Structures are given as structure tokens and as C-alpha cells.
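S.K.: Below: sequence and its predicted model.
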Amino acid sequence: MGHKLKIAGWVSVGVVAGALTTVSLQTVARGAMTPLPLEEIQQLSAVFGLVKTDYVEPVDDKKLITDAISGMVASLDPHSQYFDKKSFKEFREGTSGRFVGVGIEITQEDGLIKVVSPIEGSPAFRAGLKPNDLITQIDETAVKGLALNDAVKRMRGEPNTKVTLTIFRKDESRTFPVTITREEIKTQSVKGKVIEPGYAWIRLSQFQERTVDDFVRKIEEIYKQDPNVKGLVLDLRNDPGGLLDAAVAISAAFLPENVTVVTTNGQLAESKSTYKAAPEYYQRRSGGDPLRRLPAAIKSVPMVVLVNEGSASASEIVAGALQDHKRATIMGSQTFGKGSVQTVRPLGPDTGIKLTTARYYTPSGKSIQAKGIVPDVMIDESEEGNVFAALRMREADLDKHLGSGQGEEKKDAAREKAREEARKRLEEEAKKPAADRKAPEFGTDKDFQLVQALNQLKGRPVLVSKTLTERKEEKKEN
């Protein structure tokens, strides 16, 4: 890719609120081995020996070594990771947008697993699971206190196997079991529609292997329904990222050919790369240019891109490229700030590591790491304001996060105060009936930010945020 890199695995970007969080480049391993620090290696060997001989009970050799590797890699930053056999398989499933399971999006609430939404057409959808259902038990395992990832693992499995979920439905005050047969789930990362004559909305929830093809099909549907589209909203809110080549392709769909989309820079020569809006930077090995079917009008239709604190990595690549080339107006709130590159290197046939190897930069040279994309127009998440956005984690909030390389972000006392106020507000909201506190669904007429985006495209007044400000950076002191 970029004529300098050899593909050796997966190229992915992202953040995860419980899922995939990488942008990856594949590079060629260095020719020379780095000298090992002899004294420290001797200490490691001594500790290994002491644990084997002195620990209260026997410990498996393989577990000690793999835990040591895992700890070494995890200590670097929040996105570097060691993959054992099981986690390596799950990582590959995450980039494909396909997995075997029941088909629900979940989160945690009060130590239980909460259904955010069943995926349309999935086994869970057919079984009648609803948003806000609480899962209290998975087969014979109580969910209380179970980590979200552990719950996901227990619900996944082999095709045509069964799993029994015990459901508590609050609005009906009842608990009941549901037995579901697992099957392959194909997540839908692209939604879109004509909002009103002349104006369309297209939403990307993640950048997966199928995203570019699905995006092209959705744009074709929109232009078939309304050939005279005069304004388009690209919705990247809460999109945690995904595959780098998909981000380059989506950017290329709207940009002139061969302009720079994103650059990367790290220690390795292969990490110093430029990705452009041209087929050789995003097309797969088989097939031609997936964007060739797009209508020519897509290159010039007036655009707004919606982003928020949940827009990360691949989303930030797209938003940054369209902003720097003045192709779209970016609206919403400052993005997550996941601007680092991870390389996935196999260590054997079924294990590997994901290692941060570079930062990525917008076409104008701005590092997004720990800062994010600053919208052209700041907009609150609702007419009442941006009260809950302060609760969302950003890259700069993560322990051991990588700096931008262009100055460090200031500790923001006002943000901490806003978080405390948002927590109190959230507690009050939780006491209300579910129907009164449900956030408006993206893409509906109650979607405040979408309404403002349409106003921007129509030249009408926009309700700009009175409270949102850019998160500044300060230079490191020497």
C-alpha cells in the first residue's frame, strides 16, 4: 500500500468501547535484531525461576511467559496488545464485520448486561429481545460482575449451537429465559436515506471489510430515488473506526483524485507513508475500483460531516481529510483523538501482537493523537445542551496514552467539573420513565444535530453551541 508497504496481516483503525480499537499498517520486519539488555534478561530469568520454585502452588510455564509478554506490551499504551489464540481469532472477526453469536449490541448497567439493540434479522431479533432488556444469566453463569468481554465470549460460539439467556424486562417487571441458536452475524455498518427532497443522510457506524461496497450501494440507492441531491450529511458520530483502507476509500469518494488523505510517521521507514485518493491505496486484491460506480455528482455535492467524542481513528481520518481539503463542513463536537497506528505482527500460526508503530496526520500535517478533529461548527448533542458528552472517554483520558508529538493537552479542570454535573444529571434522568429519557435515534426528525446539519446545507440559521470550546494543547517543558 502506498508502494512502500507490504501487506502482512490486517489493516485496521479504531477505538473501542468494548470492541476493535486500532488503525493498522503492515510493515516488513527489521532486518537486524535489537541487542538485548543482558542484566534485565537475567533478572527476568531469576524471577521466572523463583516463581516456579517458591510460589504457593505450581504455575504453568506457558502461562508465565505469555503473561509476561502481555504485560510488557500492555504497559506501552492503551492500544498495544498481545493476542493469544482466542483473542487473535476474535480480532480477525472484528475487522470482518462477521461473527457467530446471537446478534445484539450490548453495554453494562449496574453490573448487568444491557441490550442496546438487537441487530435486525439476527437470532436475538427473531427471538423478540428488545432495547433496554437486561441479561442476568448466560446459560448457568450469573452475569452480575462479569466483564463485558467475558459476556461477549460466552454468547459467541459455533454455528447452530444454543445459548440460553435469562432476561429481565423492566417495563414488564418480569424475568424469563430465551434459548437462542447461534448463527453467523453480518453487521450492517452503513445506513442511509433521502431525508427530504434534495437532501440525503448516510451513516457509517464502523469501517469494516464490507463498508465500502455497502456505502457505494447505498449512495446508488439514494441517487436512484432522488437524482437531484443538493446536500448530503455524512454521519460519523460514535463511529469507533475500523479498517484504514476503508477510511481512505470513503475519503476518496468525495475528494479529487490523487490528493493526500492521511500520512503516517514512526521509527520504521515503512511507517513513513502517504495515502492518497487513488485506487491503489484502497482497493482489495481482487476486483477493480469499488468507487467506479458512484455518480459523478458525489464529488461536488455540498456536504456536512457530523462527528462527536465517539468518532475515532478511521472516522477522524475521513473528517480530517475532508476538512483540510475544504470539501465539507465538519459539525458537532471535538472527536476522540485516536491518532496512532498499530501494526499486527504474527508471532506464530495463531498468536501475535498489535504494536503502536506510528502516528497519523491530516493532509495539512496536524497530529490527531490525544486531541482529535476540531469541528468547523460546534453543535450540542441536543437542544438542551451537551450535558452527557462530558461523560464520554477520550484518548487523552486513557491511562498511558501516547502524546500527539506536537505538544500535550492541558488538564482541564472545567471538564472535570462538567463531568460531575453530568453524572448528577444522569442520575436524575435515570429516575424518569424509559420513554422520557431515551436519546433520539440518529437519522430521525428528533435528531437535533442532523437538523442543524440540514440547516447548514440550506443556508438557514444554525443553533451553534454556547458552551463547547476547542480543547487546547500546551508545549512540553524541557
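M.R.: Structure received. These numbers were taken from a predicted model, which means no experiment stands behind them.
S.K.: helix or strand for Ile195, which one?
M.R.: Using DSSP states H and E, Ile195 sits within strand 190-196.
S.K.: What are the buried residues along that strand?
M.R.: Val190, Gly192, Ile195 (16 or more other CB atoms under 10 Å). Every residue, glycine included, has its C-beta placed from N, CA and C.
S.K.: now, which of the residues you listed sits nearest Gly242?
M.R.: Among the buried residues of strand 190-196, Val190 lies closest to Gly242 (CB to CB), at 11.7 Å.
S.K.: Identify the bridge partners of that closest one.
M.R.: Leu204 (DSSP bridges).
S.K.: shouldn't it be in contact with Gln206?
M.R.: No. Assessed by CB atoms under 8 Å, Val190 is found out of contact with Gln206, at 9.3 Å.
S.K.: Give me the below-cutoff pLDDT ranges for this protein.
M.R.: By pLDDT under 70, the low-scoring segments of the chain are 1-33, 93-97, 117, 120, 285-286, 385-401, 403-440, 471-478.
S.K.: Domain-wise, how is it divided?
M.R.: Domain ranges of the chain: 98-186, 190-241+294-338+359-474, per automatic domain parsing.
S.K.: For these, give me a markdown table that also has distance to Gly352.
M.R.: Shown next, in a markdown table, are the domains of the chain (distance: least, CB to CB, whole Å):
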| stretch | distance to Gly352 |
| --- | --- |
| domain 98-186 | 18 |
| domain 190-241+294-338+359-474 | 19 |
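S.K.: okay, the ones you listed, which one's buried deepest?
M.R.: Among these, ranked by average contacts under mean count of other CB atoms under 10 Å, first place goes to domain 190-241+294-338+359-474 (a mean of 19).
S.K.: what about the strands in the stretch 351-478 of the chain?
M.R.: Taking DSSP state E, counting those that start in this stretch, the strands of the stretch 351-478 of the chain run over residues 352-361, 377-378, 408-409, 473-474.
S.K.: quick one: contacts for Glu316?
M.R.: In this structure, Glu316 makes contact with Gly241, Val307, Thr335, Phe336, Gly337, Lys338, Gly339, Ile368, Gly372, Ile373, judged by CB atoms under 8 Å, 6 or more residues apart in numbering.
S.K.: looking at this, the third one is in a helix?
M.R.: No. Thr335 is assigned coil when assessed by DSSP: H, G, I helix; E, B strand; the rest coil, not a helix.
S.K.: Nearest spatial neighbour of it, chain-adjacent residues omitted?
M.R.: Closest residue to Thr335 apart from its sequence neighbours, by CB to CB, 6 or more residues apart in numbering: Gly372 at 3.7 Å.
S.K.: I'd say the one you found and Gly337 touch.
M.R.: Yes. In this structure, Gly372 is within contact of Gly337 by CB under 8 Å, at 3.8 Å.
S.K.: Make a markdown table out of the strands of the stretch 351-478 of the chain and add distance to Val462.
M.R.: Shown next, in a markdown table, are these (distance: least, CB to CB, whole Å):
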| stretch | distance to Val462 |
| --- | --- |
| strand 352-361 | 29 |
| strand 377-378 | 6 |
| strand 408-409 | 27 |
| strand 473-474 | 27 |
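S.K.: so which of the ones you listed gets nearest Asp171?
M.R.: Of those, nearest to Asp171 by CB to CB is strand 377-378, at 35.9 Å.
S.K.: From the chain's centroid, how far away is stretch 266-283?
M.R.: Chain-centre distance of stretch 266-283: 21 Å, with CA atoms, centre = their mean, to the nearest Å.
S.K.: Endpoint to endpoint, that stretch covers what distance?
M.R.: Counting by CA to CA, to the nearest Å, you get 24 Å between the two ends of stretch 266-283.
S.K.: Pull out the buried residues from it.
M.R.: 266, 268, 270-271, 273-278, 281-283.
S.K.: Out of these, which is nearest to Val178?
M.R.: Nearest to Val178 among those, with distances taken as CB to CB, is Tyr282, at 41.2 Å.
S.K.: What sits closest to that closest one if chain neighbours are left out?
M.R.: Nearest residue to Tyr282, sequence neighbours excluded (CB to CB, 6+ apart): Ala249, at 3.9 Å.
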